[in-house]
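Peer 1: fold the following and give me the result.
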Amino acid sequence: MNLGNLKIVEVYLYYDGPALFLADDSKNLFLSFWVGDSVYLYIPITEDQVKNIDKLLLKSFILGREYVFRAVGDVVSKISPDELLESELPDDVTIATN
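Peer 2: Below is the predicted model of the structure:
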C-alpha cells in the first residue's frame, strides 16, 4: 500500500523530527503521529476536522476512525484502529495549535 507523495502542511509537535503533524498527498489529509522508531500512524482527517483540531481528543479521534494507516519504515498497512496496540496510541489529549 502506498500513501502517495505526502507533504507536511503543519507540525503540531516536534521531537527530534515531526512527531504530530498534518500531511497532504494532494487528494487527502492525514493527521500523522510518530509512534516511535520508524513507526508512524496516518489518520484520515477532513478539512472541517482540521479547522477544529484543537478540540479533538487525539486517542478518541484515532479510535473513532474506520481505518488508519500504520507505516513501519516503507511498509504501509491499512488497518482497523482496533488492531493498534495500546502502546501505539497517544493519550487522550487535545492538540495545541498556534
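
Peer 1: tell me what the residue positioned nearest the centre of the chain is bridged to.
Peer 2: Nearest residue to the geometric centre of the chain (CA atoms, centre = their mean): S32, 2.5 Å. Beta-bridge pairing for S32 (DSSP bridges): F21, Y42.

Peer 1: what's the distance between it and R65?
Peer 2: Distance of S32 to R65, computed by CB to CB, to the nearest Å: 13 Å. Using the backbone N, CA and C atoms, a C-beta is placed for each residue, glycine as well.

Peer 1: which neighbours do these two share?
Peer 2: Common contacts of S32 and R65 (CB atoms under 8 Å, 6 or more residues apart in numbering): I43.

Peer 1: for L85, give its distance to L63.
Peer 2: According to CB to CB, L85 and L63 sit 13 Å apart.

Peer 1: neighbour count for the two, which is higher?
Peer 2: L63 (16 against 8; other CB atoms under 10 Å).

Peer 1: tell me the contacts of the more buried one?
Peer 2: Contacts of L63 (CB under 8 Å, 6+ apart): 81-82, 89.

Peer 1: which residue ranges form the helices in the protein?
Peer 2: Along the chain, counting by DSSP state H, helices occupy 47-51, 58-63.

Peer 1: pull the residues that contact the first one.
Peer 2: Right, the one you point to is helix 47-51. 22, 29, 56, 61.

Peer 1: just checking, the third one touches A96?
Peer 2: Yep, that's L56 we're talking about. No - if you go by CB atoms under 8 Å, L56 and A96 don't touch, sitting 11.5 Å apart.

Peer 1: neighbour-wise, which of those two wins?
Peer 2: Neighbour count, other CB under 10 Å: between L56 and A96, L56 has more, with 19 against 10.

Peer 1: list phi and psi for the more buried one.
Peer 2: phi -80, psi 140 (degrees, to the nearest 10).

Peer 1: tell me the pLDDT of it.
Peer 2: pLDDT for L56: 90.

Peer 1: give me the distance between it and D37.
Peer 2: Separation of L56 from D37 (CB to CB) stands at 25 Å.

Peer 1: go on, E88?
Peer 2: Applying CB to CB to E88 and D37 gives a distance of 11 Å.

Peer 1: who's more crowded, the two?
Peer 2: A direct count of neighbours by other CB under 10 Å for E88 and D37 places E88 higher, at 16 against 8.
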